[in-house]
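**Student:** fold the following and give me the result.
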Amino acid sequence: MSAEHASVRLIDDYARGDTELAADTVWALEAHLETCALCRGRLSASVATEAPDIAALLDTVRAGLEPQLDAAVRAPARRYRPRWVSAWLTPVMAPWLAMTVAVTLLALLLDAGGSPMLLGGASPMAVIAPVLPLCAVAASWSRALDPAHELTASTARAGLPLLLRRTTAVLAVVVPVLLVEGWLTGATTAAQWLLPSLAFTSAALALGSIIGVTRAAAALVATWVAVIAAPAWPAGRVPVALQPHQLPLWALLLALGTGAVIARRNAYSAL
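**Tutor:** Residues are numbered from 1 along each chain as shown. As a prediction, this is how the structure comes out:
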């Protein structure tokens, strides 16, 4: 691709469905076609000459749909929503983000007024903060929860870029809430749970390239609860994994997870 437009050869290869085109090249071309009318015109002409079977199929589908579209009742206009909202969020994220914030508020109430014997003396904020963002991250990329999943999966940005955008949107909401509530409770320093939280998020994205983000997040949350949180709660202490001397290990896990995401960046388009 040149600085402004895609080459004729690349467009012809794309129109023919050349399987030797690299995934990142296909993504770059499709993203460019979204904003370039000239290249879309070239693609239309290329499909007619390079892939006549596809052109004939499109004509057949169009001929069958046009009468139905003409007779269809126009849907009411939707409330205006900026384009960046659709690029960074999915409608299903709203209730899950609200649920996540509600859980942190519940933890704050337990910290403020809960019985020490009931809580074992351990802070709910310290126990749930590292894995709490994973719930919303899993929901933001769940096929079962997103009614527009098939449409989203067919877009040019359906791979890693969209996954990172939605993850960033989740962290931008959850992390400030955790910071404020952690400051109010004074349960633990932000670094003790923020670094593990980011490490768990990167691990979920890395493992998600193999088994799916939702399953990866659920597995990590279950592991945290069973191996670390549950034994520490009755003992009335902050989990050993959140002690200051463990922070270098969390930093290493964050670096490894980030590296795995970068190394497997092409796998996310097939999730």
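**Student:** what mean pLDDT does the stretch of helix or strand Pro248 belongs to get?
**Tutor:** Element membership of Pro248, judged by DSSP states H and E, is helix 247-263. Helix 247-263 shows a mean pLDDT of 88.
**Student:** got the buried residues for stretch 162-169?
**Tutor:** Leu162, Leu163, Arg165, Arg166, Thr167, Ala169 (16 or more other Cβ atoms under 10 Å). The way it works is simple: take the backbone N, C-alpha and C, and place the C-beta from them, glycine included.
**Student:** how about stretch 167-181?
**Tutor:** Neighbour-count burial for stretch 167-181 [16+ other Cβ under 10 Å]: Thr167, Ala169, Val170, Leu171, Val173, Val174, Val175, Val177, Leu178, Glu181.
**Student:** swap in stretch 47-61?
**Tutor:** For stretch 47-61, by 16+ other Cβ under 10 Å, it's Val47, Glu50, Ala51, Ala55.
**Student:** need phi/psi at the third one.
**Tutor:** By that I understand Ala51. phi -140, psi 70 (degrees, to the nearest 10).
**Student:** ok, the closest residue to it other than its chain neighbours to Trp193 distance?
**Tutor:** The shortest distance from Ala51 to any non-neighbouring residue, by Cβ to Cβ, 6 or more residues apart in numbering, is to Ala15 (5.2 Å). Distance, Ala15 to Trp193, using Cβ to Cβ, to the nearest Å: 51 Å.
**Student:** out of these two, which sits in the busier spot?
**Tutor:** Here Ala15 and Trp193 are compared on neighbour count by other Cβ atoms under 10 Å; more neighbours surround Trp193, at 27 against 20.
**Student:** now the angle between helix 247-263 and whichever strand or helix holds the more buried one, please.
**Tutor:** Taking DSSP H and E as the definition, Trp193 sits inside helix 190-211. Relative orientation of helix 190-211 versus helix 247-263 (axes from the mean of the first three to the mean of the last three Cα atoms, to 10 degrees): 30 degrees.
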